[in-house]
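S.K.: Whatever this is, show me its structure:
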Amino acid sequence: MIRWSRLVAVGIALALALLPAPVRAEGFAIPDLPAREAVAPEIAGRFVEALRSALAERGQRVTSAPLITAGIAGSLEPDFAVLIAQLEGTRFAVSGEIVARAAVDGPFAVDLLAVDALEGRASDLLSRGFGLATLNAVADEVAAVLAEFTASGPALPPGDAGLFVSSEPRGAEVRVDGVAVGRSGAVDLLGLAPGRYEVELRLEGYLPEVRTLDLRGGDTRFLHVEMTAIVGGSLQVVATPPADVFVDGAPVGRSPLTIDAAPGAREVTVRRPGFEPRTATAPVRGFRVTRVELELEALGDPLIVWRTDRPVRLFVDGVPQGDGYALPDPGLRTIEVVTAGTVRRWLRAVPDEGWFELDLDTGALRPLMP
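M.R.: The predicted model follows:
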């Protein structure tokens, strides 16, 4: 079980060897919302498709966000919804879930929130009950609320005072007096009313930068900002049982371990022969330790595992086994280990249940504590 409460604060991504796409000033990312508990996946799928269609009918450019995992899509955290928008290159996005909730308005409910990644706004939690007969109507009602959300938000006073903002590196979110106007390198020349403005630049992995500028009518100011990278974030991974750890697809060692990690969302995967691999998205922040705890689920019971750093072949009752694990029947079993022309053979009693590690030299079965 992934213990999300142990993740330190919420940062943000998905994969993330992929770089976030530039956020556009339009578009709505609607990922597949996960079905919780007793809700059939097809019910959640039908609702999401109806919501996408209803939102598109209101003139919104809708993307289905196919790369977004269920863990991120169902987070109900604004920062993760912003992540969805960043990955899809849209301005708006939702995260949420479909749950079973017995009520007069139906046996199901949708819980979701919307974000505006450009302006840094998040809606209140939106909850609506529905049944099979009211699914389309409720999806249409939710789409109307989302469309209204896209139309709201602060605006800057227009005028003939020009402002052009750039940064190194490119792609920083640019805010003028708290209003997000785009990303450096992509935002056009701004035409504002003369006056004093506060310009803020934000970029994942870098310290925020703030500048105060006085703009004059008929003149253009060019602001270039060198961003300062944040360093010193750490990632602590604990797996039960201990397992090999991969961060953003690269092997980093065996748990438990603590490693340096760049700020941002990191995809943490733990793997061990005989167990289902587990993955979590960890929001790493500068100068902080982000802790991830993952529990692996065995492929069967009883389970026997052994070291895989030695070239051996293993047989149980004469049947060759997979790489690093076996799922034998309980009872007396003949275990053979073949390595470099040497055969070791033992008769061992395999219990009815449990996880055990085989000593390749002595044939002893030792409990692998979960």
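S.K.: Pull out the buried residues from the worst-scoring helix or strand of the chain on mean pLDDT.
M.R.: Within the chain, confidence by mean pLDDT, DSSP states H and E is lowest for strand 179-183 among all helices and strands, at a mean of 82. Within strand 179-183, the residues scored as buried using 16 or more other CB atoms under 10 Å are 180-183. Every residue, glycine included, has its C-beta placed from N, CA and C.
S.K.: Other residues contacting stretch 270-279?
M.R.: Contacts with stretch 270-279, where a contact means CB atoms under 8 Å, 6 or more residues apart in numbering, come from 2, 69, 237, 239, 241-246, 255, 267-269, 294-300, 303-305, 308, 322-325, 327, 355.
S.K.: 6 Å - rerun?
M.R.: Here stretch 270-279 makes contact (CB atoms under 6 Å, 6 or more residues apart in numbering) with 239, 243-245, 269, 294, 296-299, 303, 305, 324-325.
S.K.: what does stretch 246-257 give?
M.R.: Stretch 246-257 has contacts (CB under 6 Å, 6+ apart) with 17, 237-239, 242-245, 259, 266-269.
S.K.: Among those residues, list the two that are farthest apart in space.
M.R.: Among the contacts of stretch 246-257, the pair separated by the greatest distance (CB to CB) is Ala17 and Pro242, at 25.1 Å.
S.K.: Spatially nearest residue to Ile230, not counting backbone neighbours?
M.R.: Take Ile230 and drop its neighbours on the chain: the residue closest to it by CB to CB, 6 or more residues apart in numbering is Gly286, 3.4 Å away.
S.K.: can I assume that neighbour is in contact with Ser234?
M.R.: No - using CB atoms under 6 Å, Gly286 is not in contact with Ser234, being 9.7 Å away.
S.K.: Domains of this protein: list them as residue ranges, please.
M.R.: In terms of domains, the chain is parsed into 20-151, 158-226, 234-298, 303-367 (source: automatic domain parsing).
S.K.: re earlier: could the buried residues of strand 179-183 be laid out in JSON lines, adding distance to Ile98?
M.R.: Listed next are the buried residues of strand 179-183 as JSON lines, based on distance: CB to CB, whole Å:
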{"residue": "Ala180", "distance to Ile98": "30"}
{"residue": "Val181", "distance to Ile98": "35"}
{"residue": "Gly182", "distance to Ile98": "33"}
{"residue": "Arg183", "distance to Ile98": "33"}
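S.K.: Which of those residues sits closest to Leu156?
M.R.: Nearest to Leu156 among the buried residues of strand 179-183: Val181, at 7.3 Å, using CB to CB.
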